[in-house]
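Chemist: missing the sequence, but the structure's below:
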């Protein structure tokens, strides 16, 4: 297969599934970073827990869902997929979800609405994690699409 694939060859359901799988891959990498920074208990707080294991599970569910949205968007957009496109679109996806997740939904979900759009060291580290998540997810998605 050529170095550039077209997502139009993949139906929406396959794009969603491959996106979710790619999102899980990105989630594992980002989750390891979160675990090293002690952030998983905070994620667990979204479901009323403090357990790092629960936090990891919540994080992986969110990662798969975001990956599924990514896969659907790329499938519906019928983009030409290349490694460069995967990196750039993955980074854009990471930034979008950093703003939506880390800067808006997470503080609200934890009952800290006063922290919405508050950016400090933790949020900048979160941006780095979201960018890495996005790049890994993008690259895995393109690889999965190329595999057929």
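Modeler: On my side now, so go ahead. Every value quoted in this text rests on a predicted model; they were computed, and no experiment measured them.

Chemist: in the chain, which spans are helices?
Modeler: For the chain, applying DSSP state H gives helices covering 12-36, 40-44, 52-77, 83-97, 106-109, 121-147.

Chemist: quick one: closest of these to residue 115.
Modeler: Nearest of the helices of the chain to residue 115, taken as CB to CB: helix 106-109 at 3.9 Å. Just so you know, the C-beta spots here come from the backbone N, C-alpha and C atoms, and that holds for glycine as well.

Chemist: list the contacts of that closest one.
Modeler: 42, 45, 46, 113, 114, 115, 116, 118 (CB atoms under 8 Å, 6 or more residues apart in numbering).

Chemist: circling back to that earlier point, comparing the helices of the chain by mean pLDDT, which bottoms out?
Modeler: Among those, helix 106-109 carries the lowest mean pLDDT, at a mean of 92.

Chemist: list the buried ones in that one?
Modeler: 106, 107 (16 or more other CB atoms under 10 Å).

Chemist: can you pull the contacts of residue 33?
Modeler: 129, 132.

Chemist: same question, residue 126
Modeler: 98, 102.

Chemist: one more time with 6 Å, if that's ok
Modeler: Contact partners of residue 126, counting by CB atoms under 6 Å, 6 or more residues apart in numbering, are residue 102.
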